[in-house]
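1. model this:
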Amino acid sequence: MNATDEHDEEPLGEKWVCQIMAAEGVIGVLGNLLVCYVIIRVKFLHNMTNYLLVNLAVADMLLCLQVFLYYLTSHCKLIVFAPVSNGVRDLFCRLLASNFLGWALSYASAYNLCVVTLERYIAIVHPLHYARKLTTARMITLIVLMWMMSFLMSLPHLFTIAPSNGQKKICSMKYPHRLFPILLSIFSFFFGYLLPLTVMSLAYYRMQVTLKRQAKALNLQHAMAAACNLVIARQNLVSMLKTVLGALIVLWTVDYLAILLCLQRTNEAQFTFCGSKVFRYFRMFSNLLFNFNSVINPFIYEFKYKKFRQGFKEAFCNCFKRQGGNRVDVQMAPI
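-> Numbers count the residues shown, from 1 in each chain. Take a look at the predicted model:
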């Protein structure tokens, strides 16, 4: 993310890097839209876990859309957009150029993945309490709270940039206090990265231990095939979600470390390399990785989630069969 980048200087990097960023946004929007379509379209994918994956896909899709607009009009200015009225200019600077929406949607992506983890944690570690604790009303309330909290935590970014008084620049960096960017960067690192990743990592560790214990107990008891298949299906689903979490850790770590290294604006940072050309290109690379996290999830579902792969085939095979007039519905029992 670009919370500490210079918005009042020339765009960083080459135009081709910016074009890759914009292309990432387009691919991410289409991929996550496809995830939503498949899960909503196919009946045997209609369960709590998959509905939460739709919610996560919506967050990633909106983040990819924001990335596309941000690099197209603000950061790299592939398309020149110059608001005429003061009101439109103020909205453009504070909502888009400040990357407020980018931070809000990245928080939403991380915390909605936490909600998916919570649902699986209770289903595996506390299965007897699942129906009582995870009612539909409670899950909807939790999802709404996650979205509200994500946007509330991003509000400080509205005060990092303001409309410029000059003729050449639309927006310029403007902090209420010199310590503001330092505190904001530490806040973003802790609540947007360290806290959700730590909670999810501990939850998946506990789930893995529980699943291994269940599998061992079933083997000793020579349990029925249906019970063993249920444990295997849960293990596969947890394995897929761990891959999603692993991708998030790998792709986000570089960017958040860069933010911690250079807490202030580049011309006031503690380390001299924070204002160097090499570091600017490094930030472009770290932003590329950060945004790629929202693009890669649909591919993880396709390769690691067997039920989604089956749903994908059914969704599009049914479309082709309808065109031929011979539709065949295939019903599968949910896990």
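2. use CA for all of it now, contacts and neighbours both
-> Fine.
3. quick one: low-confidence parts of the chain?
-> Residues of the chain that meet the criterion pLDDT under 70 lie in 1-14, 74-84, 166-168, 220-228, 264-272, 318-335.
4. Scan it for its longest helix.
-> The residue-count maximum for a helix in the chain (DSSP state H) belongs to helix 225-261.
5. pretty sure residue 61 is touching residue 34, no?
-> No: at 10.0 Å, residue 61 does not count as touching residue 34 under the criterion of C-alpha atoms under 8 Å.
6. For these two, indicate the residue with more neighbours.
-> Neighbours around residue 61 and residue 34, counted as other C-alpha atoms under 10 Å, are more numerous at residue 61. The numbers are 27 against 16.
7. Which element, helix or strand, includes the more buried one?
-> helix 48-73 (DSSP states H and E).
8. what angle do that helix and helix 225-261 make?
-> With axes from the mean of the first three to the mean of the last three C-alpha atoms, to 10 degrees as the basis, helix 48-73 and helix 225-261 are set at 30 degrees to each other.
9. Which elements pack onto the helix or strand following helix 48-73?
-> Counting by DSSP H and E, the next helix or strand C-terminal to helix 48-73 is helix 86-91. Contact partners of helix 86-91 among helices and strands, from 3 or more C-alpha pairs under 8 Å, 6 or more residues apart in numbering; DSSP states H and E: strand 161-163.
10. What residues sit buried inside the longest helix of the chain?
-> By neighbour count with 16 or more other C-alpha atoms under 10 Å, helix 225-261 contains the buried residues 228, 231, 233-235, 237-245, 247-249, 251-256, 258-259.
11. now the following helix or strand past that helix, how far from the chain's geometric center?
-> Per DSSP H and E, the first helix or strand lying C-terminal to helix 225-261 is helix 277-304. Counting by C-alpha atoms, centre = their mean, to the nearest Å, helix 277-304 is centred 11 Å from the centre of its parent chain.
12. Repeat that for stretch 197-216.
-> The answer for stretch 197-216 is 22 Å, by C-alpha atoms, centre = their mean.
13. Please point out which parts of that stretch sit buried.
-> In stretch 197-216, counting by 16+ other C-alpha under 10 Å, buried: 197, 200-201, 203-204, 207-208, 210-211, 215.
14. Could you grab the helix/strand/coil label for residue 176?
-> coil (DSSP: H, G, I helix; E, B strand; the rest coil).
15. Contacts only, for residue 283.
-> 255, 258 (C-alpha atoms under 8 Å, 6 or more residues apart in numbering).
16. how about a cut-off of 6 Å?
-> Listed by C-alpha atoms under 6 Å, 6 or more residues apart in numbering, residue 283 has no contact partners.
17. Nearest the geometric middle of this structure, what residue?
-> residue 109 (3.4 Å; C-alpha atoms, centre = their mean).
18. What is the neighbour count of the nearest residue to that residue once chain neighbours are set aside?
-> Sequence neighbours aside, residue 59 is the residue nearest to residue 109 in space, at 5.4 Å (criterion: C-alpha to C-alpha, 6 or more residues apart in numbering). For residue 59, the tally of surrounding residues (other C-alpha under 10 Å) stands at 25.
19. Please report how far residue 59 lies from residue 115.
-> Going from residue 59 to residue 115 by C-alpha to C-alpha, to the nearest Å gives 13 Å.
20. Could you do residue 49 as well?
-> As judged by C-alpha to C-alpha, residue 49 and residue 115 stand 10 Å apart.
21. Who has more neighbours out of the two?
-> Shown here are residue 49 and residue 115; by other C-alpha under 10 Å, residue 115 has more neighbours (22 against 17).
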